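Q: Would you be able to build a 3D model of this:
(4 chains)
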There are 2 protein chains.
Amino acid sequence: MQKRITIKDIAKELNVHHSTVSRALRNDPRVTEATRDRVLACALKHGYQTNMNAVQLRGTSNNTIALIVPNINHTFFSDIVSQLTNLAYTKGYIISVFQSNEDYEQEVGIVNTIIKQNYAGVIASISKNTTDSKHFNLLRTFGIPLVFFDRVCNDIKTPKVLVNNYEITFQVVEYLIENGYKRIANLTGPTHINVFNDRQRGYADALKKHNLDYQHQMVIKDDFTIELGVESLNELMSEIEKPDAIISSSIILTIGLVVRAREMSLKIPKDLAFIAFGNHISSLIMQPQLTSISQPENEISELSFDLLDKMINKEIPIGTECTKVVKAQIDYRESC
Amino acid sequence: MQKRITIKDIAKELNVHHSTVSRALRNDPRVTEATRDRVLACALKHGYQTNMNAVQLRGTSNNTIALIVPNINHTFFSDIVSQLTNLAYTKGYIISVFQSNEDYEQEVGIVNTIIKQNYAGVIASISKNTTDSKHFNLLRTFGIPLVFFDRVCNDIKTPKVLVNNYEITFQVVEYLIENGYKRIANLTGPTHINVFNDRQRGYADALKKHNLDYQHQMVIKDDFTIELGVESLNELMSEIEKPDAIISSSIILTIGLVVRAREMSLKIPKDLAFIAFGNHISSLIMQPQLTSISQPENEISELSFDLLDKMINKEIPIGTECTKVVKAQIDYRESC
DNA sequence: CTGTTAGCGCGTTCAA
DNA sequence: TTGAACGCGCTAACAG
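A: Residues are numbered from 1 along each chain as shown, chains lettered A, B, ... in the order given. Next up, the predicted model:
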């Protein structure tokens, strides 16, 4: 490995001062076109690349945005990763994605790395096991802009992009009730996360409005998997009062439910109806097709990016509270 | 925003020299336990975080590995992202993921960012539109270790982890022929990418061995999507000699094929058989279940990480050629 | 238009 | 055991 080429090397080769090289490389008008051309040619010849560590050390910020997601395997998050990456690219940023793996410790490690490396900004959705928000507060201390989306820390003052989970769940439950379902179960995540909390409240309130007795909120603390779906259905169907409809916070989980329901020879939607959050291609390919609740990933991506961009450009000061709510929609298919 | 706290600030507050603080923070034995404790307490109090830009500027490397994938939406890649992230975490690294979006320009931008930021190493799978490998060669110039997996640049000397695409495709075609299929089409990606090239050769050689006339390699240059699957089936079925079986390089594409086949009232696998590369949950949930070819993501992740780790620790010198081949397997289900 | 100088935060000399 | 001084690569301020 050869030594990394620096502006000083170029300066020496061209018999100019390194500050001239620096200016030439950044198209500073105070340098002759002739020297600029020589510098650029020389830089190209040697494959010169700015050492961002030196630049950032001086206080100038970079153009890399960190995106923290709980799990890249879930369509909701991977879609947002894709869209944000493209969006950011057109605006001259680079997106660097970190997966917390639904783990608080890893999330803390990621945030610390982001601080140590001086990223331009952070877009984050928190892990299921995050109850403490110290690490995100630290970002503010270091002047790094932060935008939350979907799963957020309630106690942190920063822009947030949310989905109307309460309303849509309420609406979904009413839809099921109107279609004759009376024992509706809700499979969801831990209450301390806003998303699941909202869904639980929407569910409970809709049941209350229609005076239904049966109420079953089943909380899944770990990552949503097919296996957990299978187990959950076993558990639900071994109870005395079995559900006739299940709302699930994850399509992957729902696939486990459906696979197990088929094994049990339950007819969908006659014996058991399903509805799940998320728009996964499986919803289309399975028979009956899965009724699902799609969240506007593109809108979430655009709003989040826009807010962060404005924070980076100081149009929105750090610590500003500002919450945008986007609307989910029910994709009516055949499973209810 | 308050000023970022540095070792000098801590030094001033504690009336010691900043070099003492530096030593204390890194558990240098040459410092009194008493002063060390004072320093650590003070650092904790102020939420001190090392400025990695300064550290790296001095030449010390960091612990962040860059992972470049064409598209995070595809299960194959998102699984590898997940697994590598976990694996790296247990070994003290942080994985930062970049998506090239199957775009050469973006890939170049990503590699430049990696160089500018001095990452510890790179694990990469190239985009479909990458025909030139200059940017990856640049990594070597800057002494940054590189490991390729799955889709690789053939002309770059560096460790690679590959899948036995030729053999498995050959085997799959023979399996179809043995089951009576005679007009087998192959939907795949551009020939200049090793993965698709291997599959095309495996396909062609198997046909030749069994003296089958019908040969149809359909190359998809863009990202594999459901829509492209639908279009592809339209095209294939509008020909005079229609296929009776389709091998596809992507499950997502295959879902498009299947959706369209159902619309055309084609019976699967009687009228048309399907087999696809990838292990996606849709394979299980659709009826008939999709026969597919699963690639050992965990093995690929482990081998790739292990090779990169060794390169970072100088156990394997940069520029070493070393190719590991892992075995895909056919998951026999109902679609053939 | 170009050169000089200083300093960003850190770790590593070398000296005390 | 601690302090002083230097330099990593770069840019901004100032001087010529």
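Q: Looks like A:Arg38 contacts A:Leu14 (just checking).
A: Yes. If you go by CB atoms under 8 Å, A:Arg38 and A:Leu14 touch, sitting 5.7 Å apart. Where you see a C-beta, it was placed from the backbone N, CA and C, and this is true even at glycine.
Q: So the least confident helix or strand in chain A by mean pLDDT, near chain B or not?
A: Least confident element among the helices and strands of chain A, by mean pLDDT, DSSP states H and E: helix A:282-285 (a mean of 88). Yes. Using CB under 8 Å from any CB of the partner chain, a contact is recorded between helix A:282-285 and chain B, made by A:282, A:284-285.
Q: Other residues contacting the helix or strand just after that helix?
A: Counting by DSSP states H and E, the next helix or strand C-terminal to helix A:282-285 is strand A:291-294. Outside of strand A:291-294, the residues within contact range by CB atoms under 8 Å, 6 or more residues apart in numbering or on different chains are A:168, A:172, A:251, A:274-280, A:283, A:328-336.
Q: Which ones among those lie within helices?
A: A:168, A:172, A:251, A:283 (DSSP state H).
Q: The last one and A:Asn51, how far apart?
A: Relative to A:Asn51, A:Ser283 is positioned 48 Å away (CB to CB, to the nearest Å).
Q: Among those two, which residue is more densely surrounded?
A: A:Ser283 (24 against 21; other CB atoms under 10 Å in any protein chain shown).
Q: ends of stretch A:270-282, how far apart?
A: 20 Å (CA to CA, to the nearest Å).
Q: Would you mind listing the buried residues in that stretch?
A: A:272-282 (16 or more other CB atoms under 10 Å in any protein chain shown).
Q: likewise stretch A:289-307?
A: Buried, per 16+ other CB under 10 Å, within stretch A:289-307: A:290-295, A:297, A:300-307.
Q: of those, list those near DNA strand D.
A: Checking these against DNA strand D by CB under 7 Å from any atom of the strand, not one of them is in range.
Q: Return the closest of the residues you listed with respect to DNA strand C.
A: Among these, A:Leu307 lies closest to DNA strand C (CB to the nearest atom of the strand), at 27.4 Å.
Q: Next up, identify which helix or strand the residue in the stretch 101-250 of chain A that DNA strand C sits nearest to is on.
A: DNA strand C sits closest to A:Lys116 of the stretch 101-250 of chain A, with a gap of 8.9 Å, by CB to the nearest atom of the strand. Using DSSP H and E, A:Lys116 sits in helix A:104-117.
Q: Contacts for that helix, please.
A: A:66, A:68, A:98-100, A:122, A:126-127, A:129-132, A:135-136, A:138-139, A:142, A:144, B:49-53, B:62, B:64, B:89, B:94, B:117.
Q: Can you narrow the residues you listed down to the ones near DNA strand D?
A: Within the contacts of helix A:104-117, nothing lies near DNA strand D by CB under 7 Å from any atom of the strand.
Q: Emit the PyMOL select command for whichever of these are buried.
A: With 16+ other CB under 10 Å as the criterion, this PyMOL line picks the buried residues out of the contacts of helix A:104-117:
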select buried, (chain A and resi 66+68+98+99+100+122+126+127+129+130+135+136+138+139+142+144) or (chain B and resi 49+50+51+52+53+62+64+89+94+117)
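Q: Please enumerate the strands of the stretch 151-300 of chain A.
A: A:159-163, A:184-188, A:216-219, A:245-248, A:273-277, A:291-294 (DSSP state E, counting those that start in this stretch).
Q: residue ranges with poor pLDDT in chain A?
A: A:1-2 (pLDDT under 70).
Q: if we go to 50?
A: Across chain A, nothing is flagged by pLDDT under 50.
Q: For it, which residues are neighbours of DNA strand C?
A: A:15-20, A:23, A:29-32, A:34-35, A:54, A:57-59.
Q: Distance check, A:Tyr89 against A:Gln329.
A: For A:Tyr89, the distance to A:Gln329 - CB to CB - is 28 Å.
Q: same check, this time on A:Ser232
A: 25 Å.
Q: Which of those two has more residues huddled nearby?
A: Relative neighbour count places A:Ser232 above the other of A:Ser232 and A:Gln329, with 22 against 14, counting by other CB under 10 Å.
Q: and the residue of the stretch 201-336 of chain A with the smallest separation from DNA strand C, how many residues sit next to it?
A: The stretch 201-336 of chain A approaches DNA strand C most closely through A:Ile318 (17.9 Å), counting by CB to the nearest atom of the strand. Using other CB under 10 Å, A:Ile318 is surrounded by 19 other residues.
Q: circling back: arrange the buried residues of stretch A:270-282 in a markdown table, one row each, with distance to A:Asp222 as further columns.
A: What follows is these, written out as a markdown table (distance: CB to CB, whole Å):
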| residue | distance to A:Asp222 |
| --- | --- |
| A:Leu272 | 23 |
| A:Ala273 | 25 |
| A:Phe274 | 21 |
| A:Ile275 | 22 |
| A:Ala276 | 17 |
| A:Phe277 | 17 |
| A:Gly278 | 17 |
| A:Asn279 | 23 |
| A:His280 | 19 |
| A:Ile281 | 24 |
| A:Ser282 | 20 |
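Q: between these, which is nearest A:Phe148?
A: Set against A:Phe148, the nearest of these by CB to CB is A:Phe277 (18.4 Å).
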